[in-house]
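>>> attaching a predicted model along with its sequence, questions to come.
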Amino acid sequence: MNTNTPFVRMIDVRKHRGESVIVNGFSLELDEGEFVALLGRSGSGKTTILRLIAGLDTLDEGEIWLDGKLASKDGRNIIPPRLRQIGFVFQDLALWPHMTIAESLAFVLSSTNIRGKDRERRIAEVLAAARIPDLGTRYPHQLSGGEQQRAALARALAPRPRLLLLDEPMSSLDAELKSELALELGAVHRTFRLTTIYVTHDVSEISGLACRAITL
Amino acid sequence: MWSRRILIGCAATLFLIVCVLPAAYMLGVSVVSPEGTFSVSNYSRLLSEPRQRELLLTSITLGAAASAIATVIGVPLGLLLARFSFPHVALLRVALLVPLVIPPYVLALVWIFLTGYSGISYSLPGAAVVLGVGFYALPMLAAEAGFRRVDASLEEAGLMIANPRRVFIRITMPLVTPLVAAAGLLVFALSVSEFGVPGLLRIRVFTTEVFTAFAALYDFGRATALAVPVLGAALIAALLAKWSAGEGLLTPNTTWRPAVSSPSPRRKAIALLLVVAFILIAAAVPIAVLVGHAQRVLANIGPSWPAIRISVLLSLIAATSIVVLGLVLGYARGRMQSRSGALLADLILIGAFAMPSTVVGVGIIGLWNRPTIPIELYASSIIIVLGYMARFLPVAVLIISASVRQVPISSEEAAAISGVSWFRGFWRIVVPQVRGGVIAAWVAVFVFTFGELGTTVLVTPPGESTLPVRVYTLIANAHQGEIATLALLQVLATVVPMFLLGLTFGRTESKL
């Protein structure tokens, strides 16, 4: 870890889609362990910024640095997404419908060096941290909305990422579940000391969670 | 609502009479002795003959090999069409569909010309290659639809921890597999049911045996009993296809985004080159071979003109009446609320579509060739139209019902609340929204009926002949040039409307 440099650094990032400008000269510096909220209305480029950090989209101009290493620059992703050590909770959750939750976690962990008993222990740990310890054998369609949200969080946390990106993770939940999950997210952040970027258009979701809020 | 019930009831009754009754009749007749009592003698006779096991093995081997070849060719092509954002993709897709609309017996003829009447010409592997090339478009379309329906975020979630190859194998392929498996099973059912290709390439399978038992030996009981194993194999494959596709995991949600690969320009150019090369082999070569063999075109067409005229006329009548009936039945299926009812309807439709052509032919003759029927159906061309309806009405219903399901029920409800009668709402609200499906169904049915051989060769009244029947009967005696000319005419008459339709839909697709 480079102690003097920000953990995430975006420098003058620009992204176009066709004629329209999605991200126009966006810059950001984020220290390790920080919880930042990106706020803005629909179409303001919040999700695109997360996807650029994850390497799922390529930027047109600018630079993205992760833990002191150049990850993307001027239209090129130098570090591929799988090597960025990022956990991503997608807006639609993107749970794999043909795998049980435990199988999803095993698939995620099969890309790491964690094998055998250690892998099983990690799966149990992550399911417990997401408060769904007994739901590993279920398929996504057998879970409620809140349980699916937790399963997506468990999958993102399983490989112990260094950066967690949350793209409107509570947009489809009711108010009660939102506050419940917000508490749990806070607990996860404190436990794992994860650098986190949380995208939302609803300020109430991040009260008590984020150290800093950036409005686009 | 009474007008709705009466219309759908009438259409469903017609469907049962035309499509289901011939098969039911055959099953019934096969267990009746010449004395009119219940008997399983036809089946015990079949079971006691070791040759039947050989026939079953050959039929299943042919179906499995054709299905494997079609899937191996179709899936990569579907992947390229879905993910590589080729320019003029609609044109490429239509060109790749050409072998599907060329009647299989014409492909078999091209195969014989290409292989020079050698040993390989008349072999089981040869027949499997011909059917595999003829039907690869079905797995291709299924794979393309599957790869397009995979939500991008499902793959992206995998890319966060694994390389693209692993994501493709572990995430993408398992999601697409049920659709591809369903298409593969459909190819199996169609190959097992095919008559023209094994008939021309002298492969003894159940469909050719049914034809021989009926047309040469006039043994109705034997023909019906022979039909049962092939009917069973086709129905099992159809059931499995429905089950496989029904278990599909690809249900797009509200935030669905298509997954698109971003290959380098070099890889994209190589892929495009491969697709174009395949089009040249599968679509252009058959046409070129026929053009090369065709001779004295006008002189050869002359004697076959009555057959050409009757083919066009009957296909126009059949396609139009099938689509009118299919519109009502497609609406009924599309609006079915009960899941079990919809499943049963789909099974009947797929089963009727997969029914072997010779089985349909024998069933129709047995059912309608009797003095008690006031109109002499069997002696007129109406029997051919009935045969076409029995074979292709299920296709029209399936295509149109898929379109009806895309029309929100609320658009009909809005009309009903405003005081519009059901029929007016159906005609003015639903029909305009499904016209694309109706046109597609009409063209598909026209193309299929124009090339139909297995049923027509059995039911055609004496003194009449459709173009496929004329080509089939000329093959043994006429000169290559005449046969190639007529086959070429057959191909052009099916490929041209298909191209026009494909390009029209392609333009619509690119506007969306």
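It's in. Numbers count the residues shown, from 1 in each chain, chains lettered A, B, ... in the order given.
>>> show me how far the helix or strand where B:Pro303 lies is from its chain's centre.
In this structure, B:Pro303 sits in helix B:297-334 according to DSSP states H and E. Relative to its chain's centre, helix B:297-334 lies at 15 Å (Cα atoms, centre = their mean, to the nearest Å).
>>> can you name the next helix or strand after that helix?
That would be, after helix B:297-334 and using DSSP H and E, helix B:339-353.
>>> so what touches that next one?
Contacts with helix B:339-353, where a contact means Cβ atoms under 8 Å, 6 or more residues apart in numbering or on different chains, come from B:19-20, B:23, B:186, B:234-235, B:238-239, B:241-242, B:246, B:333, B:336, B:390-395, B:397-398. Backbone N, C-alpha and C define where each C-beta goes, glycine included.
>>> what angle do it and helix B:297-334 make?
160 degrees (axes from the mean of the first three to the mean of the last three Cα atoms, to 10 degrees).
>>> still on that earlier bit, who does the helix holding B:Pro303 touch, helix- and strand-wise?
helix B:2-15, helix B:339-353, helix B:382-406, helix B:435-450, helix B:467-474, helix B:480-511 (3 or more Cβ pairs under 8 Å, 6 or more residues apart in numbering or on different chains; DSSP states H and E).
>>> the last one vs helix B:467-474, what angle?
In this case it means helix B:480-511. Using the same axes, to 10 degrees: helix B:480-511 against helix B:467-474 is 150 degrees.
>>> check contacts around residue 137.
You didn't say which chain, so I picked chain A. A:Thr100, A:Ile101, A:Ala102.
>>> oops, I was thinking of chain B
Contacts of B:Ala137 (Cβ under 8 Å, 6+ apart): B:Gly74, B:Leu96, B:Leu97, B:Pro99, B:Leu100.
>>> buried set for stretch B:129-136?
B:Val129, B:Val130, B:Leu131, B:Gly132, B:Val133, B:Gly134, B:Phe135, B:Tyr136 (16 or more other Cβ atoms under 10 Å in any protein chain shown).
>>> so what touches it?
B:62, B:65-71, B:73-74, B:77, B:99-100, B:102, B:104, B:107-108, B:111, B:187, B:190-191, B:194, B:197, B:201, B:282.
>>> now those residues: which count as buried?
Buried among those by 16+ other Cβ under 10 Å: B:62, B:65-67, B:69-71, B:73-74, B:77, B:99-100, B:102, B:104, B:107-108, B:111, B:187, B:190-191, B:194, B:197, B:201, B:282.
>>> mean pLDDT and mean neighbour count added to the helices and strands packed on helix B:297-334, as JSON lines?
Putting the helices and strands packed on helix B:297-334 into JSON lines (pLDDT from 0 to 100; neighbours: other Cβ atoms under 10 Å in any protein chain shown) gives the following:
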{"stretch": "helix B:2-15", "mean pLDDT": "90", "mean neighbour count": "14"}
{"stretch": "helix B:339-353", "mean pLDDT": "84", "mean neighbour count": "17"}
{"stretch": "helix B:382-406", "mean pLDDT": "91", "mean neighbour count": "24"}
{"stretch": "helix B:435-450", "mean pLDDT": "88", "mean neighbour count": "22"}
{"stretch": "helix B:467-474", "mean pLDDT": "88", "mean neighbour count": "22"}
{"stretch": "helix B:480-511", "mean pLDDT": "76", "mean neighbour count": "18"}
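>>> now the helices for the stretch 151-300 of chain B?
If DSSP state H, counting those that start in this stretch is used as the criterion, the helices of the stretch 151-300 of chain B fall at B:152-159, B:164-167, B:173-193, B:196-200, B:206-211, B:220-246, B:265-279, B:285-293, B:297-334.
>>> longest helix in chain A, please.
helix A:175-192 (DSSP state H).
>>> now that helix - C-alpha only, PDB.
In PDB, the C-alpha atoms belonging to helix A:175-192 read as follows (Å, rounded to 0.1, in the frame of the first residue of the first chain):
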ATOM      1  CA  ALA A 175     -38.100   2.000   3.300                       C
ATOM      2  CA  GLU A 176     -37.900  -0.500   6.200                       C
ATOM      3  CA  LEU A 177     -35.500  -2.800   4.300                       C
ATOM      4  CA  LYS A 178     -33.500   0.200   3.200                       C
ATOM      5  CA  SER A 179     -32.700   1.300   6.700                       C
ATOM      6  CA  GLU A 180     -32.000  -2.300   7.800                       C
ATOM      7  CA  LEU A 181     -29.600  -2.800   4.900                       C
ATOM      8  CA  ALA A 182     -28.000   0.600   5.500                       C
ATOM      9  CA  LEU A 183     -27.100  -0.500   9.100                       C
ATOM     10  CA  GLU A 184     -25.700  -3.700   7.800                       C
ATOM     11  CA  LEU A 185     -23.600  -1.900   5.100                       C
ATOM     12  CA  GLY A 186     -22.200   0.300   7.800                       C
ATOM     13  CA  ALA A 187     -21.300  -2.800   9.800                       C
ATOM     14  CA  VAL A 188     -19.600  -4.400   6.800                       C
ATOM     15  CA  HIS A 189     -17.700  -1.100   6.100                       C
ATOM     16  CA  ARG A 190     -16.500  -1.000   9.700                       C
ATOM     17  CA  THR A 191     -15.600  -4.700   9.800                       C
ATOM     18  CA  PHE A 192     -13.600  -4.900   6.600                       C
END
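>>> buried sites along it?
So, applying 16+ other Cβ under 10 Å, buried residues of helix A:175-192: A:Lys178, A:Leu181, A:Ala182, A:Leu185, A:Val188, A:His189, A:Phe192.
>>> could you single out the nearest of those residues to A:Asp31?
A:His189 (13.7 Å; Cβ to Cβ).
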